[in-house]
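S.K.: Provided below for reference: sequence and predicted model.
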Amino acid sequence: MLPQQKKMPVVQPPLVRHVPCDVATISAILEFDSSIAEDLGGDMFIRREIADLIEEIRKQFPVILITGPRQVGKTTVLRENFPDYNYVSLDDSEARNLAQRDPMLFLKTHRHPLIIDEVQYAPELFVGIKMIVDEKRENGLFLLTGSQKFRLMRGVSESMAGRVAILDMLGLSNAEILGRKSQIFDPENIDFSYKDSENAGEIYTKIWKGSFPAFYRDVGSNWSVFFRSYVSTYLERDIRDLMRVSDERTFLLFLTFLASRTGQLLNMAEVAREVGIDNKTAKSWLSIIETTGLVHLLYPYYKNVTKRLIKTPKLYFLDTGLACYLAKINSPEILEASYLNGAMFETYVFCELLKSFWNRGRDATFCFYRDRDMKEIDLLMEQNGVLYPIEIKKTAMPSRTATKNFSVLEKIGAKVGQGAVICLVNSPIPISETVIAVPIGAI
């Protein structure tokens, strides 16, 4: 990883247009938070781990497409780390109209190497990009971002097969916030010298705050104003563009209901009934929020992979701050005392594990276990034919009872590796010969 260094923040003109509110609200969003600056030692540049992956892949592919939810830093990571590239955003109506009307003229006007932001607004560009790539036969010609994955995939699969590397990006990881290098979580190689200095209150503050870079960079954000604006922008930009929602209030209720179910089994019939929509609509809306990067569905373990996809999944919001906002949890203290504290804790841990894989371009082969006898294991990590069982507990004193269901894996004939309980201990502690308690900060 390149050493951290101070850089001047990149000014992004489209920022204000992303926030449909008045001047006073925008001022609140951009209000500087000196406590954040102090926590970060005065260094406002946060090195994103995915930047090293982009640099590596840029030498192997002519096009890189970075997908992920809005405001996770896709544009910033490209502009800060690749300043020699030209830049254009299709949030700009003139640029978007030209790209849609005359893709080749657009690509002549904006010369490569080129960063194209929000490329999903003009899938017509992919044919032109393909022609340039095939003519030049060079790597690193185009860096693309998009926040509407499934629309992008159609254009990519039709025009760019074999020419594009697709990377998923989420908000800041805990390691990025703390300015340290992380590793893909490996239960077989736990660093027993690790010491976690954060207490439960500090961890719940991070969970409540979420992982959007706006809270941790050179500007602070009013939490409620930020998320209210984020949800409004999401409804106006993504939902209206992708589907016809006749009643946005009902769709917002749908989001709110799902947020209160994060980290839990997803019963779509219950969701549809409580929100007042039919099952078909509920499934359609779920597909939309999954493909726009707000949630992740985790499926149960079966040796037959196809069978997994038809079973009831668990749902995780990919930003705990957004989940707290939608669930109307207005402070870290309320979160820690609420009935959702365990589910939000599990969601936070799951997201951290996911980021450790995605930031290195690795597939996160996660699932969970649940059988007819109601025996459950929060998370299974599959690596090279081995299952690594993981429990996620908000306790500082885990016992063997937390791992009582791990033994069922051997009974079903699975090859089982080192188990782990990710929890609030301050340093790794063996629970048994095959299970280790791991601090949440070590993942």
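M.R.: Yep, that arrived.
S.K.: start to end distance for stretch 287-297?
M.R.: 10 Å (C-alpha to C-alpha, to the nearest Å).
S.K.: which other residues reach that stretch?
M.R.: For stretch 287-297, the external contacting residues (C-beta atoms under 8 Å, 6 or more residues apart in numbering) are 67-69, 72, 147-150, 168, 170, 234, 238-239, 242-243, 255, 258, 262, 266, 286, 313-319, 322, 350, 354. Where you see a C-beta, it was placed from the backbone N, CA and C, and this is true even at glycine.
S.K.: middle-most residue in this structure, spatially?
M.R.: Leu170 (3.1 Å; C-alpha atoms, centre = their mean).
S.K.: Buried members of the contacts of stretch 287-297 into PyMOL, please.
M.R.: PyMOL command restricting the contacts of stretch 287-297 to the buried ones, with burial defined by 16 or more other C-beta atoms under 10 Å:
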select buried, resi 67+68+69+72+147+148+149+168+170+234+238+239+255+258+262+266+286+313+314+315+316+317+318+319+322+350+354
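S.K.: May I see the buried residues of the helix or strand hosting Ala269?
M.R.: In this structure, Ala269 sits in helix 268-275 according to DSSP states H and E. Neighbour counts over helix 268-275 (16+ other C-beta under 10 Å) mark Val271, Ala272, Val275 as buried.
S.K.: go on, stretch 249-268?
M.R.: 251-266.
S.K.: Please parse the protein into its domains.
M.R.: 13-168, 184-211+243-442 (automatic domain parsing).
S.K.: between the ones you listed, which one is nearest to Asn174?
M.R.: Set against Asn174 and scored by C-beta to C-beta, the domains of the chain come closest in domain 184-211+243-442, at 5.8 Å.
S.K.: wait, Leu326 sits on Val231?
M.R.: Yes: applying C-beta atoms under 8 Å, one finds Leu326 in contact with Val231, separated by 7.4 Å.
S.K.: Between those two, which contacts overlap?
M.R.: With C-beta under 8 Å, 6+ apart, Leu326 and Val231 have common neighbours Leu255.
S.K.: Who has more neighbours out of those two?
M.R.: Shown here are Leu326 and Val231; by other C-beta atoms under 10 Å, Leu326 has more neighbours (22 against 16).
S.K.: Low-confidence ranges, the stretch 1-150 of the chain, go.
M.R.: 1-45, 150 (pLDDT under 70).
S.K.: my guess is Glu118 meets Asp92, correct?
M.R.: No: counting by C-beta under 8 Å, Asp92 is not a contact partner of Glu118; they are 9.2 Å apart.
S.K.: Those two: which is more packed in?
M.R.: Counted by other C-beta under 10 Å, Glu118 and Asp92 do not tie: Glu118 has more neighbours, with 23 against 17.
S.K.: residues near the residue nearest to that one when sequence neighbours are not counted, how many?
M.R.: Distances taken as C-beta to C-beta, 6 or more residues apart in numbering place Leu90 nearest to Glu118, at 4.5 Å, with adjacent residues excluded. Counted by other C-beta under 10 Å, the residues lying close to Leu90 total 23.
S.K.: got a list of what Lys195 touches?
M.R.: Asn426, Ser427.
S.K.: switch to numbering from 841
M.R.: Let's use 841 as the start, then, which means that last one is Lys1035.
S.K.: Tell me the pLDDT of it.
M.R.: On the pLDDT scale, Lys1035 is placed at 89.
S.K.: would you say it is within a helix?
M.R.: No: assessed with DSSP: H, G, I helix; E, B strand; the rest coil, Lys1035 is coil; it does not lie in a helix.
S.K.: So which of the buried residues of helix 1108-1115 is the closest to Leu1264?
M.R.: Val1111 (31.1 Å).
S.K.: how about the nearest residue to that closest one once chain neighbours are set aside, what does it touch?
M.R.: Spatial nearest neighbour of Val1111, chain neighbours left out: Ala1122 (5.3 Å); criterion: C-beta to C-beta, 6+ apart. For Ala1122, the contact set (C-beta under 8 Å, 6+ apart) comprises Phe1094, Met1108, Val1111, Ala1112, Val1115.
S.K.: just Lys1234 next, same as before
M.R.: Neighbouring residues of Lys1234 by C-beta under 8 Å, 6+ apart: Ala1040, Asn1181, Gly1182, Phe1185, Cys1263, Leu1264.
S.K.: hang on, Ile1030 packs against Pro1268?
M.R.: Yes: the criterion here is C-beta under 8 Å, and Ile1030 meets it with Pro1268 at 5.0 Å.
S.K.: intersection of neighbour lists for the two?
M.R.: Ile1276, Val1278, Ala1282.
S.K.: how near is the residue nearest to Val1111 to Tyr1074?
M.R.: From Ala1122 across to Tyr1074, the span is 18 Å (C-beta to C-beta, to the nearest Å).
S.K.: same deal with Gly1257?
M.R.: 39 Å.
S.K.: Same check on Phe1206?
M.R.: For Phe1206, the distance to Tyr1074 - C-beta to C-beta - is 25 Å.
S.K.: Between the two ends of stretch 1175-1186, what distance do you get?
M.R.: First-to-last residue span, stretch 1175-1186, C-alpha to C-alpha: 13 Å.
S.K.: how far does it sit from the chain's center?
M.R.: For stretch 1175-1186, the separation from the chain centroid amounts to 19 Å (computed by C-alpha atoms, centre = their mean, to the nearest Å).
S.K.: List the ones among the buried residues of stretch 1089-1108 that fall in strands.
M.R.: Gln1104, Leu1105 (DSSP state E).
S.K.: just the buried residues of stretch 1089-1108 now: which is nearest Gln1023?
M.R.: Gly1103 (24.1 Å).
S.K.: And stretch 1233-1242, what's buried?
M.R.: For stretch 1233-1242, by 16+ other C-beta under 10 Å, it's Lys1233, Lys1234, Pro1238, Ala1242.
S.K.: how would you label the last one: helix, strand or coil?
M.R.: Just to be clear, that refers to Ala1242. helix.
S.K.: quick one: contacts for it?
M.R.: Counting by C-beta under 8 Å, 6+ apart, Ala1242 has contacts Glu1231, Lys1233, Thr1235, Val1261, Ile1271.
S.K.: quick one: which of the residues you listed sit in strands?
M.R.: Checked against DSSP E, the contacts of Ala1242 include these in strands: Glu1231, Val1261.
S.K.: got JSON lines for the contacts of Ala1242, with distance to Leu983 too?
M.R.: What follows is these, written out as JSON lines (distance: C-beta to C-beta, whole Å):
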{"residue": "Glu1231", "distance to Leu983": "39"}
{"residue": "Lys1233", "distance to Leu983": "41"}
{"residue": "Thr1235", "distance to Leu983": "44"}
{"residue": "Val1261", "distance to Leu983": "40"}
{"residue": "Ile1271", "distance to Leu983": "45"}
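S.K.: Which helix or which strand is home to Thr1152?
M.R.: Judged by DSSP H and E, Thr1152 forms part of no helix or strand.
S.K.: tell me which residues form a beta bridge with the closest residue to it other than its chain neighbours?
M.R.: In this structure, Thr1152 finds its nearest non-sequential neighbour in Leu1105, 5.5 Å apart by C-beta to C-beta, 6+ apart. Note on Leu1105: beta-bridge partners Lys1154, judged by DSSP bridges.
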